[in-house]
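# sequence below, structure please.
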Amino acid sequence: MLLESFVAIMAMIAATVLDPGVFFAINSPAGLVGKEAADAVATISAWGFPVTVEQMQVLARDMGEATLFARTGGAPSLAVGMASIFGSAFGNQLLALWYHFAIMFEAIFILTTLDAGTRVARFMLQDMLGNFAPKLGQTSWYPSVLLTSATVVAGWGYFLYIGVIDPNGGVNILWPLFGISNQMLAAIALSVGTGVLIKTGRLKFAWVTALPLSWLVLVTTAAAWEKITSSDVRVGFLAAANDMSAKLAAGVLPPEKAAVAPQLIFNQQLDAALTLFFVSVLWIVILDMLRVSYRSLSGKPVRPLMEAPYVKTKLDAA
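Predicted coordinates for the structure are as follows:
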């Protein structure tokens, strides 16, 4: 989480380096500003953020790219900003090198997050399946590892595919889910840590994980509630889906938007359903942690701990 905060700070600094027009040209999906470069710069300039086709072409050439229009997702704008900062410090001759270095850095960061999330999801799935078939709950049993890993990868692979074919760009369908699920994953980890501290008789240290857990639960639950129930079409998934459904039924959408409207409506409804699922899982884990903690503090029987015992090292004797 500390590393993520550091990356977020770098991204904001990099964004401030860019001209607003350039930032919006990079991050605005083609479905919003137009597929042609001339249409995109006209739309963005009309917003009050002037930018030209020639300016974007020169920038793309300096960065070693064919084009930087509609490169949504945050990575390209972060890379352009970081390359500009490094170029100012070390010279503009290596702008393309700095740009691709930043792209590689963010890609590796995302892959490690995806790897950790996949493994956690696989362990959780194995633990759940182990209640029905004990063999599937054994993390060392290779058939179970293959089955659960393939299931989890197929799950996020499906959403990646949905994001890639989204007419407005994958950032609109994937990024809200990534932000919600990422913070909820942290809350689940803190919840488990709090339960372990209490079950091992370390109640006085439980505030170390319980305090950030309380903050994360408050923020993520409130954000999920807003994303599901908000009547603002710019915020609420269902509000956006209902608004587009009404426009489609009234026949007021342009032909090109009407053709992709059913897919956009489905994606918004899918986001709403998944957000509800995520927050439900989070609260199930929290409530079960509170139940087990209460039983443990009351002296009632609970399931034995599965954590490996602490083993002293040579550093303890120093």
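# how far away is residue 48 from residue 40?
15 Å (Cβ to Cβ, to the nearest Å). No exception for glycine: its C-beta is placed from N, CA and C like everyone else's.
# more neighbours: the two, which one.
residue 40 (23 against 8; other Cβ atoms under 10 Å).
# in three-state terms, label that one for me.
Using DSSP: H, G, I helix; E, B strand; the rest coil, the structure places residue 40 in helix.
# report the contact partners of it.
Residues in contact with residue 40 (Cβ atoms under 8 Å, 6 or more residues apart in numbering) are 25, 28, 30, 33, 34, 69, 70.
# and the fifth one, how many neighbours?
The local packing of residue 34 (other Cβ under 10 Å) involves 18 other residues.
# now do the second one
Burial of residue 28 is recorded as 22 neighbouring residues (other Cβ under 10 Å).
# thought it was touching residue 71?
No - between residue 28 and residue 71 there is no contact under Cβ atoms under 8 Å: 9.7 Å.
# and the gap between residue 285 and residue 193?
With Cβ to Cβ as the criterion, residue 285 and residue 193 are 12 Å apart.
# err, residue 264, not the other one
For residue 264 relative to residue 193 (Cβ to Cβ), the value is 39 Å.
# which one's more surrounded, those two?
residue 264 (21 against 17).
# for the more buried one, list the residues it contacts.
Residue 264 neighbours (Cβ under 8 Å, 6+ apart): 166, 167, 168, 241, 244.
# now do it, the pLDDT please.
pLDDT, the model's per-residue confidence, is 87 for residue 264.
# swap in residue 217?
In this model, residue 217 is scored at 93, pLDDT.
# mind listing what's buried along the helix or strand containing residue 128?
Using DSSP states H and E, residue 128 sits within helix 95-129. Neighbour-count burial for helix 95-129 flags 95-96, 98-99, 102-103, 105-106, 117-118, 121-122, 125-126, 129 (criterion: 16 or more other Cβ atoms under 10 Å).
# the closest residue in space to residue 55 that isn't next to it in sequence - how many residues pack around it?
Excluding the flanking residues, the one nearest residue 55 by Cβ to Cβ, 6 or more residues apart in numbering is residue 22, at 7.0 Å. Residues near residue 22, counting by other Cβ under 10 Å, number 22.
# wait, residue 22 sits on residue 53?
No - taking contacts as Cβ under 8 Å, residue 22 lies outside contact range of residue 53: 11.9 Å.
# I'd say residue 175 and residue 73 touch.
Yes - in this structure, residue 175 is within contact of residue 73 by Cβ under 8 Å, at 7.4 Å.
# next, the distance between the ends of stretch 301-315.
In stretch 301-315, first residue to last residue: 35 Å (Cα to Cα, to the nearest Å).
# picking up where we left off before, give me the element the residue nearest to residue 55 is part of.
Judged by DSSP H and E, residue 22 forms part of helix 20-27.
# which helices and strands sit right next to that helix?
Counting contacts by 3 or more Cβ pairs under 8 Å, 6 or more residues apart in numbering; DSSP states H and E, helix 20-27 packs against helix 37-46, helix 53-63, helix 75-90.
# what residues of the helix or strand following it count as buried?
Per DSSP H and E, the first helix or strand lying C-terminal to helix 20-27 is helix 30-33. For helix 30-33, burial by neighbour count (16+ other Cβ under 10 Å) applies to 30, 31, 32, 33.
# can you name the two of those that are farthest apart?
The distance between the two most remote of the buried residues of helix 30-33 (Cβ to Cβ) is 8.2 Å, for 31 and 33.
# if we can go back for a sec, tell me which of the helices and strands packed on helix 20-27 sits nearest to residue 204.
For the helices and strands packed on helix 20-27, the distance to residue 204 is smallest for helix 75-90, at 41.8 Å, taking Cβ to Cβ.
# give the rounded mean pLDDT of that closest one.
88.
# tell me the angle that helix makes with helix 95-129.
140 degrees (axes from the mean of the first three to the mean of the last three Cα atoms, to 10 degrees).
# got the buried residues for helix 75-90?
Buried residues in helix 75-90 (16+ other Cβ under 10 Å): 75-87.
# ok, so of these, who is nearest residue 280?
Closest to residue 280, out of all of the buried residues of helix 75-90 and judged by Cβ to Cβ, is residue 75, at 30.9 Å.
# next up, the contacts around the closest residue to that closest one other than its chain neighbours.
Excluding the flanking residues, the one nearest residue 75 by Cβ to Cβ, 6+ apart is residue 106, at 4.7 Å. Contact partners of residue 106, counting by Cβ under 8 Å, 6+ apart, are 7, 74, 75, 78, 79.
# ok, and what's touching the helix holding residue 22?
So helix 20-27 is contacted by 15, 18, 33, 40-41, 44-45, 47, 49-51, 55-56, 59, 68-72, 74, 76-77, 80, 171 (Cβ under 8 Å, 6+ apart).
# was I right about residue 180 contacting residue 224?
Yes - counting by Cβ under 8 Å, residue 180 touches residue 224, with 6.0 Å between them.
# distance check, the residue nearest to residue 55 against residue 84.
For residue 22 relative to residue 84 (Cβ to Cβ), the value is 10 Å.
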